[in-house]
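Student: Next input, structure requested:
(chains A and B)
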Amino acid sequence: MRCGVPAFSPDPGGRKMERVISGNEAVAYGAMLSRVQVIPAYPISPQTTIVEALSDFCARGMLKADFVKVESEHSAMACCIGAASAGARAFTATSAQGLALMHEVLHWAAGARLPIVMANVNRAMAAPWTMWCDQTDSLSQRDTGWLQFYCEDNQEVLDSIIMAYRISEKVLLPSMVCLDGFILSHTYEQVEIPDIQEVDPYLPAYVSKFKLDVEDPHSFNAAFLPDVYMEQRVKMQEAMEEAKRVAKEVDQEFGKAFGRSYGMMEEYRVEDADVLLVTTGTVTGTARVVVDEYREKGEKVGLLKMKMFRPFPVEDVRRVLQQVRKVAVVDRNISFGSTGIFAQEIRSALHHHGEGTSIFGFIAGLGGRDVTPAVLKEIIEYTKGQDTPEGDIAWMGVKP
Amino acid sequence: MVFNFSLFTVVKGGGMEEKIVIKNFQDVPILSISLQSTLWNKTGTWRYLRPSYISFRAPCSQACPIEQDIPFYLTSLADGNLKEAWQKMLEANPFPAVCGRVCHHPCERECNRKEYDEALAIHALERFLGDWGIKGGKIEPKREKRDEKIAVIGSGPAGLSCAYFLSRKGYPVRVFEGMNEPGGMLRYGIPEYRLPRRVLNKEIERIESLGVEIQTGMRFGCDLGLEDLKPYGAVFFATGAQAEQRPMITGSDHQGVWHGLSFLQEIHSQKRPSLGKKVAVIGGGNTAIDSARAAWRLGGKVTVVYRRAKEAMPAIAEEVEEASQEGVEFIFNAVPVKVIDKKGKVQAIECLRTKPGKADASGRKKPVPIKGSNFSLPADSLILAVGERADLSFLPQGMKSENGLITADFWGRTTVPGIFAGGDAATGQGYVSQAIASGKRAALAIERFLEKDRPDPPQNGREVAGFERINLDYFPRAPRAKLPSLPVPVRARGFKEVHGGLGGLKAQKEAERCFSCGNCIRCHVCLVVCPDVAIAFNEKENGYLIDTDHCKGCGICAVECPRSALILEEEKWSE
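Tutor: Reported below is the predicted structural model:
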């Protein structure tokens, strides 16, 4: 499947325009509008058309960037680290096994405090071989020190890439922008592509505070002995905390500049809700329709969309969920031996902070199985019908 | 957030350590960056392998009889620097436009690129540069003048080549030619459709423009003799091989029987001999193929009879191929034994089939006629082209070898000091580039002789860069450039040149395909990949400098070099 390189593309100096593009093209446009300078890339489905589009932009001279063909995802990230260390704005994209192969260098990128941005097209992990969507790939990288954002539609994908650079370059931690494989990556939607003349003042060129310089060489990232390593880790955690504030600010400013903002999470019809769905990624779009249906019938069902996963917006989550009697968390992932990962995070956030709230954890849509309105309704009905959850996991749609 | 970039330990140049005390949380930096420059850290001491730039011999240059530096001029051509390319070419070859048409181009047979996609079209590029030179090239004037006069006997490729190189060194050279026009076999043996006279004349004119005097109509042995050469400091004999060998065949004096070279000379003097409808050509060398293709152009139905198999033909393979395209037919493994005549006029050729017998001195299997295999080939005329010998009747016996050649060593020195010889008369090799090479070698030997016997230089022993030395990742596959050629029906109407030249853009693109095996072309790959930024380009020297203080000897530069112009050697640290 090659839903490919756009037939025509905006001139970087052109006006804003609306166009029907795929999620992967939205990523590529976002990167181009961010004027990324180095793109080391390795192909993997369903991400490949992102780097195809970017290499096309480079070849046509629409994007002045070094496109580096590398031999693996590990090298792609290593190359991003080199480029970012030298002060360049670096970008790459990957999926599933590719992301897993990067694991070692993901830690390095964060520890070295490099504001790299990467798109991850969510694809379920093999074995067995699969190409389809779930979010276990990126969620299992949650402890690497990367910021993580999950997008609902193609417009949000494009906008999030630009915002991710603003946030990362402020807090000096790398960002991962995630979009659901095929459901967004290969689906065409109407997207407003901002005018680069407006993006430039919003996202000025990156000026690194410290960078590799052959004229004045210094040693970077040499060993920290036990007497200081821990303090450095505290500072990374502080930067994560800082990112919550910065991300909100960046999002608000984006709203002022482009008329769209997303928040780090979005409360949808949550007022007086008896049951609140918690979703992320494309399931959110389906959930909005289902919630509307319930509200029309006069039933108090609401929705909380989680956009930012790292840092986890604990305070905001508590503020919203403390008010609700029952919360149904839809996880398109599984942490084997534990539960759905969003459910874990939410339970942990509410511990000691929401004793009256019951958290129902559902796992649905693994390996590309559709999460339809019927599935969500079943989740809501189940939650309505129980006082407290029967267990930590309720599997949705598993064959009897 | 407050950043603090102090590092807790600063290592000073002399190995002294200075502790920086971390007093509180604020003092811990978010990442470690050394306060001091790391330049003091001579990581070069870690090295056990040392990269160094090297120039291998390219296989094409190795195969070229005149040892042209093909990668060098192709790199200049790829860079669009035609003047530099042409001048480099002229340093080794006085006849680029001629060679670009008639050389047997062994360079292409050895080209490493053929292992990858297709060999580089070196022959066509040589012609392109040669033609460019005819239009716009200017040759550097000779620097100093020498006193000793040199005589060259014969103005074929060997003679003119010797004259050219000596003249470029400043020697006054006079060339004596027996025919009415200079050029030897280039003029009288190669038909126009392969080598237009205009091209030959221009290249000879350039040699004359250096000061070489060519005196035509002076046949050695008739119009001048050895005693006339006394005023000369050295003499070079390049009298060629024009005496035609005659096969053992009865009836070869009938009307309608030709000899290859005299037939080609006839063609050259614009005569169009009447050959009849069917022409048989005997032989498998270039003269045979030239005769066959010329006869075809006169309207004949031509059949070539050769005593060995196709693969054993000494003729240039492309020429044989083109003859076939034009409709020339071939009968292999057959010899003529008798001309069948009617009242002294050729009617047919009686032939015998052959089979390969024992190998002769040259290692080739001698064809043996099969008894009773007679067959008759109808023909109105017969062209015999079974080889040429040197006619050395003018020379004293002591200077001749048993095989009918002038006795001469690799450098062309004969048994008589001051007398040198080359070309077909001395080497017995038949290709134009080999003749040019022998003239060139003799010019160098004459120079050394006149400078009171300077010793011979050592043979070029540089290692050849084989295909395994090329880093193919750097070379996209690309098809070989094709020369435009006349459609066969148009060729039949005359002696117009069969092949056109490459256009400038095509030539440049083709030159870009060159791997430049084992020779640095300043592509900067080494500089880009060095993780220690230890390689710098020196604009002035047009080369690279390796900072051995910091080169760790990782070898990435040598591994990545697209053409093995960098090698790794064991580092020998002197204690």
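Student: From now on I want contacts and neighbour counts done on CA atoms only, so please keep to that.
Tutor: Noted.
Student: how is chain B carved up into domains?
Tutor: Domain assignment for chain B, taken from automatic domain parsing, gives B:9-41, B:49-56+B:520-570, B:64-140+B:471-515, B:142-242+B:400-460, B:245-389.
Student: Show me the least confident stretch of those, going by mean pLDDT.
Tutor: Lowest mean pLDDT of these: domain B:9-41, a mean of 72.
Student: ok, B:Tyr48 - contacts?
Tutor: By Cα atoms under 8 Å, 6 or more residues apart in numbering or on different chains, B:Tyr48 lies in contact with B:Lys552, B:Gly553, B:Glu570, B:Glu571, B:Lys572.
Student: Format those as CSV; extra columns: distance to chain A and secondary structure.
Tutor: What follows is these, written out as CSV (distance: Cα to the nearest Cα, whole Å; DSSP: H, G, I helix; E, B strand; the rest coil):
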residue, distance to chain A, secondary structure
B:Lys552, 16, coil
B:Gly553, 18, coil
B:Glu570, 27, strand
B:Glu571, 25, coil
B:Lys572, 28, coil
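Student: quick check, nearest of these to B:Ile383?
Tutor: Closest approach to B:Ile383 among the contacts of B:Tyr48 (Cα to Cα): B:Glu570, at 64.0 Å.
Student: Can you tell me, leaving aside adjacent residues, what's nearest to the closest one?
Tutor: Using Cα to Cα, 6 or more residues apart in numbering or on different chains and skipping the chain neighbours, the partner closest in space to B:Glu570 is B:Leu49 (4.6 Å).
Student: Can you tell me which of the contacts of B:Tyr48 has the most neighbours?
Tutor: Counting neighbours by other Cα atoms under 10 Å in any protein chain shown, the top entry in those is B:Gly553, with 24 neighbours.
Student: I figured that residue hits B:Ser52, correct?
Tutor: No. When contacts are counted by Cα atoms under 8 Å, B:Gly553 is not listed as touching B:Ser52 (10.3 Å).
Student: so the residue nearest to B:Glu570 sits right up against B:Trp573, yeah?
Tutor: No. Between B:Leu49 and B:Trp573 there is no contact under Cα under 8 Å: 10.4 Å.
Student: Looking only at neighbour counts, state which of the two leads.
Tutor: Legend: neighbour count by other Cα under 10 Å for B:Leu49 and B:Trp573, higher for B:Leu49 (17 against 8).
Student: got the contact list for the more buried one?
Tutor: So, once contact is read as Cα under 8 Å, 6+ apart, B:Leu49 ends up touching B:Gly553, B:Cys554, B:Gly555, B:Leu568, B:Glu569, B:Glu570, B:Glu571.
Student: can you tell me how far it sits from A:Pro204?
Tutor: Between B:Leu49 and A:Pro204 the computed distance is 45 Å (Cα to Cα, to the nearest Å).
Student: before we move on, which element is the residue positioned nearest the centre of chain A in?
Tutor: Of all residues in chain A, the one closest to the mean position by Cα atoms, centre = their mean is A:Phe149, 2.6 Å from it. For A:Phe149, the element it lies in under DSSP states H and E is strand A:147-150.
Student: for the record, mean pLDDT for the helix or strand following that strand?
Tutor: Remark: after strand A:147-150, the chain's next helix or strand is helix A:154-171, criterion DSSP H and E. Averaged across helix A:154-171, pLDDT comes to 98.
Student: Tell me if helix A:154-171 is near chain B.
Tutor: No. Taking Cα under 8 Å from any Cα of the partner chain as the criterion, helix A:154-171 and chain B are apart, separated by no less than 8.7 Å.
Student: helices or strands up against that helix?
Tutor: helix A:23-33, strand A:117-122, strand A:175-180, strand A:188-193, helix A:226-258 (3 or more Cα pairs under 8 Å, 6 or more residues apart in numbering or on different chains; DSSP states H and E).
Student: ok so, going back, okay, now the sheet partners of the strand holding A:Phe149, with direction.
Tutor: strand A:175-180 (parallel), strand A:308-310 (antiparallel) (DSSP bridges).
Student: Save these as TSV, and put in mean neighbour count and mean pLDDT too.
Tutor: Below are these laid out as TSV (neighbours: other Cα atoms under 10 Å in any protein chain shown; pLDDT from 0 to 100):
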stretch	mean neighbour count	mean pLDDT
strand A:175-180	28	98
strand A:308-310	20	98
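Student: Nearest to A:Ser85, out of those strands?
Tutor: strand A:175-180 (15.5 Å).
Student: okay, that closest one in PDB with CA atoms only?
Tutor: What follows is strand A:175-180, C-alpha atoms only, in PDB (Å, rounded to 0.1, in the frame of the first residue of the first chain):
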ATOM      1  CA  SER A 175       8.800  14.800  22.100                       C
ATOM      2  CA  MET A 176       7.000  11.900  20.400                       C
ATOM      3  CA  VAL A 177       3.800  12.800  18.500                       C
ATOM      4  CA  CYS A 178       1.700   9.700  18.100                       C
ATOM      5  CA  LEU A 179      -1.000   9.000  15.500                       C
ATOM      6  CA  ASP A 180      -3.000   5.800  15.000                       C
END
